[in-house]
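Asks: quick one, fold the following:
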Amino acid sequence: MLCGGIMHLTDSKCKTAKGKTKPYKLFDGGGLYLYVMPNGSKYWRLKYRFLSKEKLLSLGTYPLVPLIEAREEREKAKKLLQRKIDPSLERKELSRGAIYNSKLTFKAIGLEWMEIKKENWSKDYYDNISHRLETDIYPYLGDLNVGKITAPILLNALKKVENRGAFELAARCRQTCGQIFRYAIQTGRCENNPAINLIGALKTRGTSHYAAIETKDIPELLKAIEKNSARLFLRTIRAIKLSLLTFVRPGELRTAKWSEFDLEKAEWIKPGIVMKSGKDHIVPLSKQAIAILREQKDEIGHLKTDYVFPSQIDPRKPMSDGTVGKGLQRLGFKGIMTAHGFRALARTTIREELNVEPDIIEAQLAHKPASPLGAAYDRAQFLRQRRQMMQDWADYLYKFNPT
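Replies: Below you'll find the predicted structure:
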């Protein structure tokens with residue numbers, strides 16, 4: 001039963017109560033009182049008896065918990081006592097439940113999963129996955145109970161990525177989410193993996209048809225890049241040029257680090273951790289590409305960054321996803337040329353204009369060749385031929401605009 005007393009507290013009396021030499025109590029009745037400390041701090045306490053034992057329950061501080069809420073908590077405790085339930089134990093159970101539920105959120109499980117994977121991942125890969133989740137997934141799914149996330153809810157989050165034109169990134173986000181859901185199932189906190197049900201629900205490279213200009217339009221593109229009427233940052237212009245010269249995937253260029261380059265050997269060795277194949281990949285660098293990289297190093301050499309193309313806002317991070325694509329749009333190529341379109345442009349033009357064998361081009365694109373000639377290739381396959389091809393490609397481009 002609750003300890004008795006006459007209800008007599010008012011908001012005014014609570015507010016004006018001052019600290020004294022010793023702590024004192026202002027009773028409100030039913031065991032509820034305000035405990036006033038010498039420094040003026042005020043704490044709500046509820047005195048009650050359970051199984052013939054006197055107990056005390058803390059209800060918070062005043063004025064954070066006003067008088068009316070303290071009385072509501074007293075009434076809740078009274079109802080629990082009528083049902084032979086100890087209010088203190090009930091509160092502990094609720095607290096434990098809240099803590100447990102907080103561990104059931106998608107973000108909590110995602111962080112736990114990443115901690116397990118961390119020792120087997122490179123720092124770059126870990127940072128990449130972390131950035132992907134923090135930017136594109138956690139803002140929409142992070143606080144949700146993992147067991148209540150349905151396929152439509154997950155799809156809605158992934159569509160936000162897809163709507164930016166980042167089709168491959170959306171697919172990778174689905175895969176990463178799928179691994180987190182799988183881990184949640186393994187640890188007994190989820191029963192279904194909604195990512196599995198989204199196979200085929202997102203646009204893919206094969207159906208998205210990345211816009212790419214035709215070979216005949218190359219002079220116009222080069223002219224627009226050099227004129228730079230949109231007044232893009234010079235580092236953005238260099239990123240566009242290097243995309244054209246190397247035709248690597250946009251994400252590989254965006255996250256490229258100086259440690260991957262050997263300008264003396266004219267090589268860019270992309271680590272397998274960022275490659276679809278999982279294998280290191282050599283990109284031979286033309287003289288023109290090396291000149292662009294040296295210009296970039298001259299501009300940003302004073303910055304504390306590992307990235308070739310760092311963010312304008314925070315040099316410790318790579319430039320934002322879509323920088324090259326948006327730059328092309330501002331140069332007048334919206335809807336007709338994309339960052340990923342450089343790959344299609346290079347494949348077609350090198351084959352038709354430079355007469356290079358398809359397997360050599362595909363090896364440079366880091367695609368698995370279809371023919372037996374390249375069925376079992378390593379990171380240096382056709383390296384001599386690819387070195388010549390990359391220089392010929394650069395020379396072909398620069399004959400239209402040699403500056």
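Asks: what about the chain, any weak spots by pLDDT?
Replies: 1-7, 93-102, 204-209, 273-278, 368-380, 401-403 (pLDDT under 70).
Asks: which residue lies nearest the spatial centre of it?
Replies: Arg132 (2.3 Å; C-alpha atoms, centre = their mean).
Asks: nearest spatial neighbour of that residue, chain-adjacent residues omitted?
Replies: Nearest residue to Arg132 in three dimensions, chain neighbours excluded: Cys173, at 6.1 Å (C-beta to C-beta, 6 or more residues apart in numbering). From N, CA and C alone the C-beta is placed, and that goes for glycine too.
Asks: for that neighbour, give me its contacts.
Replies: Neighbouring residues of Cys173 by C-beta atoms under 8 Å, 6 or more residues apart in numbering: 132-133, 136-137, 157-158, 161.
Asks: hmm, try it at 7 Å
Replies: 132, 136-137, 158, 161 (C-beta atoms under 7 Å, 6 or more residues apart in numbering).
Asks: which stretch of helix or strand covers it?
Replies: helix 167-186 (DSSP states H and E).
Asks: what's the offset of that helix from the middle of its chain?
Replies: 12 Å (C-alpha atoms, centre = their mean, to the nearest Å).
Asks: how about that helix as PDB, C-alpha atoms only?
Replies: C-alpha atoms of helix 167-186 as PDB (Å, rounded to 0.1, in the frame of the first residue of the first chain):
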ATOM      1  CA  PHE A 167      21.800   2.400 -59.800                       C
ATOM      2  CA  GLU A 168      24.900   0.300 -58.800                       C
ATOM      3  CA  LEU A 169      25.000   1.900 -55.400                       C
ATOM      4  CA  ALA A 170      21.400   1.100 -54.800                       C
ATOM      5  CA  ALA A 171      22.100  -2.600 -55.700                       C
ATOM      6  CA  ARG A 172      25.100  -2.700 -53.400                       C
ATOM      7  CA  CYS A 173      23.000  -1.100 -50.600                       C
ATOM      8  CA  ARG A 174      20.500  -3.900 -51.000                       C
ATOM      9  CA  GLN A 175      23.200  -6.500 -50.800                       C
ATOM     10  CA  THR A 176      24.700  -4.900 -47.700                       C
ATOM     11  CA  CYS A 177      21.200  -4.700 -46.000                       C
ATOM     12  CA  GLY A 178      20.600  -8.300 -46.900                       C
ATOM     13  CA  GLN A 179      23.800  -9.300 -45.000                       C
ATOM     14  CA  ILE A 180      22.700  -7.400 -42.000                       C
ATOM     15  CA  PHE A 181      19.200  -9.000 -42.100                       C
ATOM     16  CA  ARG A 182      20.900 -12.400 -42.400                       C
ATOM     17  CA  TYR A 183      23.000 -11.700 -39.300                       C
ATOM     18  CA  ALA A 184      19.900 -10.600 -37.500                       C
ATOM     19  CA  ILE A 185      18.200 -13.900 -38.400                       C
ATOM     20  CA  GLN A 186      21.300 -15.800 -37.200                       C
END
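Asks: how many neighbours does Pro358 have?
Replies: Pro358 is flanked by 16 other residues according to other C-beta atoms under 10 Å.
Asks: phi first, then psi, for it.
Replies: Main-chain dihedrals, Pro358, degrees, to the nearest 10: phi -50, psi -40.
Asks: quick check, it in contact with Glu352.
Replies: No - Pro358 is not in contact with Glu352 according to C-beta atoms under 7 Å; the separation is 11.3 Å.
Asks: downstream neighbour of the helix or strand the residue nearest to the centre of the chain falls within in the secondary structure list?
Replies: Using DSSP H and E, Arg132 falls within helix 123-136. Where DSSP H and E defines the elements, the next helix or strand beyond helix 123-136 is helix 138-141.
Asks: mind listing residues that contact that next one?
Replies: By C-beta under 7 Å, 6+ apart, helix 138-141 touches 106-107, 149, 154, 157, 160.
Asks: export the residues you listed to CSV and tack on secondary structure and neighbour count?
Replies: As requested, the contacts of helix 138-141 are exported to CSV (DSSP: H, G, I helix; E, B strand; the rest coil; neighbours: other C-beta atoms under 10 Å):
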residue, secondary structure, neighbour count
Phe106, helix, 28
Lys107, helix, 19
Ile149, coil, 23
Leu154, helix, 26
Ala157, helix, 22
Lys160, helix, 15
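Asks: which one of the residues you listed sits closest to Asp143?
Replies: Nearest to Asp143 among those: Lys107, at 6.9 Å, using C-beta to C-beta.
Asks: ok, the closest residue to the closest one other than its chain neighbours - contacts?
Replies: Nearest in space to Lys107, with sequence neighbours left out and distances taken as C-beta to C-beta, 6+ apart, is Gly142 at 3.6 Å. Neighbouring residues of Gly142 by C-beta under 7 Å, 6+ apart: 105-107.
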